[in-house]
Every structure is written in structure tokens, then in C-alpha cells.
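Peer 1: Provided below for reference: sequence and predicted model.
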Amino acid sequence: MRPERPRRLRRDAIRPLVAETSLSPTDFIAPLFVDATATAPRPIPSMPGHERLSLDAVVERAHELEEAGVRGVIVFGIPDRKDADGSRAWADDGIVQRAVRHLDERTDLTIITDVCLCEYTEHGHCGVLAHDARKATGSMTVENDATLAALARTAGSHADAGADIVAPSAMMDGQVGAIRTALDDAGHEDIAILSYAVKYESAYYGPFREAADGAPAFGDRRHYQMDPHNRREARREVELDIDEGADMVMVKPAMTYLDIVRDIRETVSVPVAAYHVSGEYAMLVAADERGWLDREATAMEAAVSMKRAGADLIITYFAKELAQRLSGRSR
Ligand code: PBG
Ligand code: ZN
């Protein structure tokens, strides 16, 4: 018996010919944080290289991304003020609405908006609070159905401003259906929904909560976000969201949930996005800063893994640098 020799195909000239996965700048979606109170970019300490941007700076960053070949951004807002209901989330002159108009007028990027209330509510939860009727002593809970109208209104205001895709992330049951109906009723039949269908209650969102000032003031999000122990439930979430009208579905986080990305890819035919979240970014950057890992190499490998697992789109804080590298525009 002749020995099998897989190494034959690992020569430099042959490797690219037999590569099963490829990445391109158009695979990436770049998150942008826009801050109503910022006049100049404000660094985010736990996310080196990222800033809370003013409206002007958002457009500058967007142009840099376009230059690198990135074609999509997802916009998060930090409002001028918060209240109990999160009313600045759907305000026509809200920060996301203004940023979307700016980007729509000045760039060719596909504009995705995050639709949630946690950055806009004083309590930092993703929906409207009410006393939990099942608990004797004043404990509060996020009311599912009362939150749907607020999310639908927010998505509508983003579409009015010029968003191409809205991405509901509150993990309220029925949110995709409520948003689809509201968009259709407002004549926004062409605006797509990217559902954060499979969003786990993860400890890896820490740096984002600092970046977007959206940490819950009490408790956690385990009554609405998914339990990391569960796998079958992810399929159920995705099936429900597609029934309600989701055009694309997301799995989040990404690196620690690649099994789920693969499951979902095999379950549905709509595009699947993976969100390489803030904590996953922070750990690679921190290790690179200590000289323990190479930032670009590990970020690229992580992105390849997500693509290999079945993601069509990758939302990542590394979008610009990876796109630059792939299009030969860095170094
Ligand atoms: C808002 C939202 C969060 C993220 C995206 N949208 C935070 C959360 O659910 O606490 C996390 C993104 C990241 O960590 O990069 N609901
Ligand atoms: Zn939220």
C-alpha cells in the first residue's frame, strides 16, 4: 500500500487552488458607534482602534471603509439623553436617524441599523419594564408585547432616514413580525430585516456595553437572550424569525458559537451572518498588545473559521484591516 500524501497539495502554488474557503472584503460588515454628544472621536478604552464618533467623523470612517472595499456598516447610537421608555430610539432627529441620513447622502455603503432600546433606556434593558406579576416583591421584568411597538416604531424611523436593512437585536418574541408589518404599512416593503435571531446571553458583550453605554442598570439579560447551553433552541428561534419575515439571520457571538453557525447554515436557505463580538475583538487585541498573539493573523483565522462554518456575512470590528489586507491595500 502506497502511503496517502495530503502534503502534495500543500505546496505554496497549489494551496490557493484547493482552498475550500475564501474571504473577500464584501464578506465584512463594520460596526460604527455614533455619539450624539461627541464633537470629536472618543476612544473606547476596551476596544482599541474604535471610537464613539461624531456625525462628521462617521462619514470619514465610512469613506475609509469604502476605500478598503467594505460595503456594509451597522450603526449603533449613543443618544443625547435617556428616559424610561427609550424614546430617543425612534426620534426623527435621533442620532442614528441623523447618522443614517448623513451616510445615505455621502456614501454608497449598505446601511444596517441595530434596532434595540438598551442604549436609550435609563435602566439599560432592551425593552419596556414592568413589575413581574409572578414575583411578590417589586422585581422588574422586560415586557415583551409592550416592547414590540417601540421596536417597530424605531425600525420605521430608521427606514424613513434611509437605512437599507434593519437589524432587531432585543430578543423579544414576535419582534420580526411586528417590524415587518410596520415597515410594509409605511411603504417600506423593500427594506430588509437582518434578525439577531440567535443571540446568546453572553459575557463577551462587555466592551460593547462600555462603547454604547448600554449595560443593564440591574440584573442581566437572561430572561430574553438565549441560554448558552442550548443548541436546538437556536434552530427554533431561526425558524420563527423566518416565518415572521426575516430576510437574513444572525448568530451571535461567533467564535464561541461556530457549531451553531454550522447548524443554522444547514437548516435555512436565507443568508446567515455571524457577529464577531466586542469581547472576542478585545481578547485578540489585548493579547496582541502584550506580544502574545498576532492581531491580524488571529483575526483573519477567526474570520476564515466563521466563513468555513457557513457564515455568508461577518460583522466584525476587524472589518477595515482585514479588508485592506485582502485587497492588498495594507503595508
Ligand atoms: C444591543 C446589542 C448588543 C450587542 C449588539 N447589539 C449588546 C447586548 O445585547 O448587551 C453586542 C455587540 C458586541 O458585543 O459587539 N442589544
Ligand atoms: Zn439591547
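Peer 2: Cool, the structure landed. Numbering: from 1, shown residues only. Ligands and ions are numbered 1, 2, ... in the order given.
Peer 1: Identify the residues contacting the residue nearest to Arg81 when sequence neighbours are not counted.
Peer 2: Using Cβ to Cβ, 6 or more residues apart in numbering and skipping the chain neighbours, the partner closest in space to Arg81 is Arg88 (6.4 Å). In this view, the C-beta of every residue, glycine as well, is placed from N, C-alpha and C. Arg88 sits next to 36, 79-82, 94-95, 120 when contact means Cβ atoms under 8 Å, 6 or more residues apart in numbering.
Peer 1: Could you pick out the buried ones from those residues?
Peer 2: Using 16 or more other Cβ atoms under 10 Å as the burial test, the contacts of Arg88 include 36, 79, 82, 94-95, 120 as buried.
Peer 1: next one: the lowest-mean-pLDDT helix or strand in the chain to chain centre, how far?
Peer 2: Least confident element among the helices and strands of the chain, by mean pLDDT, DSSP states H and E: strand 128-131 (a mean of 87). Computed by Cα atoms, centre = their mean, to the nearest Å, the chain-centroid distance of strand 128-131 equals 25 Å.
Peer 1: now stretch 15-29
Peer 2: 21 Å.
Peer 1: what does it contact?
Peer 2: Applying Cβ under 8 Å, 6+ apart, the external contacts of stretch 15-29 come out as 9, 68-74, 112, 273, 300, 303-304, 307-308, 311-316, 318-319, 322-323, 326-327.
Peer 1: Ramachandran coordinates for the residue of the stretch 201-331 of the chain found nearest ligand 2?
Peer 2: Nearest residue of the stretch 201-331 of the chain to ligand 2: Gly214, at 6.2 Å (Cβ to the ion). Taking degrees, to the nearest 10, you get phi -130, psi 30 for the backbone angles of Gly214.
Peer 1: which bits of the stretch 101-250 of the chain sit near ligand 1?
Peer 2: Neighbours of ligand 1 within the stretch 101-250 of the chain, by Cβ under 6 Å from any ligand atom: 114, 116, 118, 126, 169, 205, 208-209, 214.
Peer 1: same thing but at 8 Å, please
Peer 2: Within the stretch 101-250 of the chain, the residues that sit near ligand 1 (Cβ under 8 Å from any ligand atom) are 114, 116, 118-119, 126, 169-171, 196, 199, 202, 204-209, 211-212, 214-216, 221, 225.
Peer 1: Which of those fall in strands?
Peer 2: Among these, the residues falling in strands (DSSP state E) are 114, 196, 199.
Peer 1: just to revisit the earlier point, contact partners for the residue of the stretch 201-331 of the chain closest to ligand 2?
Peer 2: 116, 118-119, 124, 208 are the contacts of Gly214 under Cβ under 8 Å, 6+ apart.
Peer 1: hmm, try it at 10 Å
Peer 2: With contact set as Cβ atoms under 10 Å, 6 or more residues apart in numbering, Gly214 has these partners: 76-78, 82, 114, 116-121, 124-126, 205, 208.
Peer 1: Then Asp160?
Peer 2: Asp160 sits next to 90, 92, 97, 100-101, 186-188, 191 when contact means Cβ under 10 Å, 6+ apart.
Peer 1: Confirm that it sits in a strand.
Peer 2: No - Asp160 is assigned helix when assessed by DSSP: H, G, I helix; E, B strand; the rest coil, not a strand.
Peer 1: Quick check: the gap between it and Thr107.
Peer 2: When distance is defined by Cβ to Cβ, to the nearest Å, Asp160 is 18 Å away from Thr107.
Peer 1: now swap in Asp56 and tell me
Peer 2: 13 Å.
Peer 1: Show me which of these two is the more surrounded one.
Peer 2: Using other Cβ atoms under 10 Å, the more surrounded residue of Asp56 and Thr107 is Thr107, with 16 against 13.
Peer 1: Skip the chain neighbours and tell me the closest residue to that one.
Peer 2: Using Cβ to Cβ, 6+ apart and skipping the chain neighbours, the partner closest in space to Thr107 is Ala62 (4.7 Å).
Peer 1: My guess is the one you found contacts Leu109. True?
Peer 2: Yes - contact criterion Cβ atoms under 10 Å: Ala62 and Leu109 qualify, at 5.8 Å.
Peer 1: more crowded one of the two?
Peer 2: Shown here are Ala62 and Leu109; by other Cβ under 10 Å, Ala62 has more neighbours (24 against 21).
Peer 1: from the stretch 1-150 of the chain, which residue is nearest to ligand 1?
Peer 2: Ligand 1 sits closest to Cys116 of the stretch 1-150 of the chain, with a gap of 3.9 Å, by Cβ to the nearest ligand atom.
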